[in-house]
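Novice: Sequence plus the predicted model coming up.
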Amino acid sequence: MGRIVSFKGKLADGVQEEIPLQTNNGLVGYKIVKFDLMPPAPGVTNGENVVKIYKTKQDSIDALVNFSDNRLLAAGYYASESSSYSDTKTVIFDNEKFNQDIYITNKDARGNFPEMNYYIELEQVKLDLNEQTVATLKDIRNNNVPS
């Protein structure tokens, strides 16, 4: 197992953040090993948020999840009903290796959670030249796909 690096933050509704990972030679890769969500005031507010991690910058931020989109690395859904004290969280992530910056987005699907906290753990892995070439070519192809 490689070194684990973590990132955490709070995203406002409709916002996208870049997580810088790119290196000069592209021989360091990453894969997601943990992705978690938590609202700023757990148990207090009703809301639904969709948080997604992409390999490329997104032109628009929405709450739609399309697992056929080859740019999508992870998606998380968090719903809370304070009156029934129930929370639902679903997080799914790909096992794909990547060597470029990634982008995380948040969309409030109901209009009650204007922000969402996230926590991501990435495993840092050494890429051989073939893996580096594949990861870089995927990134080039993904940049030509309209969002």
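Specialist: Structure received.
Novice: quick one: the strands in this protein?
Specialist: For the chain, the strands defined by DSSP state E cover 4-12, 16-19, 28-38, 47-54, 72-81, 86-93, 102-108, 115-126.
Novice: mind listing what the second one pairs with, with the direction of each?
Specialist: In other words, strand 16-19. Sheet pairing of strand 16-19 (DSSP bridges) gives strand 102-108 (antiparallel).
Novice: before we move on, back to that, looking at the strands of the chain, spot the one closest to Gln132.
Specialist: Judged by CB to CB, the one of the strands of the chain that comes nearest to Gln132 is strand 28-38, at 7.5 Å. All C-beta spots, glycine's among them, are computed from the backbone N, C-alpha and C.
Novice: Any idea what Ala75 is bridged to?
Specialist: Assessed by DSSP bridges, Ala75 has beta-bridge partners Lys52, Ile92.
Novice: Glu17 against Lys10, yeah?
Specialist: No: when contacts are counted by CB atoms under 8 Å, Glu17 is not listed as touching Lys10 (9.7 Å).
Novice: any idea of the pLDDT on the residue most central in space within the chain?
Specialist: Closest to where the C-alpha atoms of the chain average out (CA atoms, centre = their mean) is Ile53, at 2.1 Å. What the model reports as pLDDT for Ile53 is 98.
Novice: Much appreciated, bye for now.
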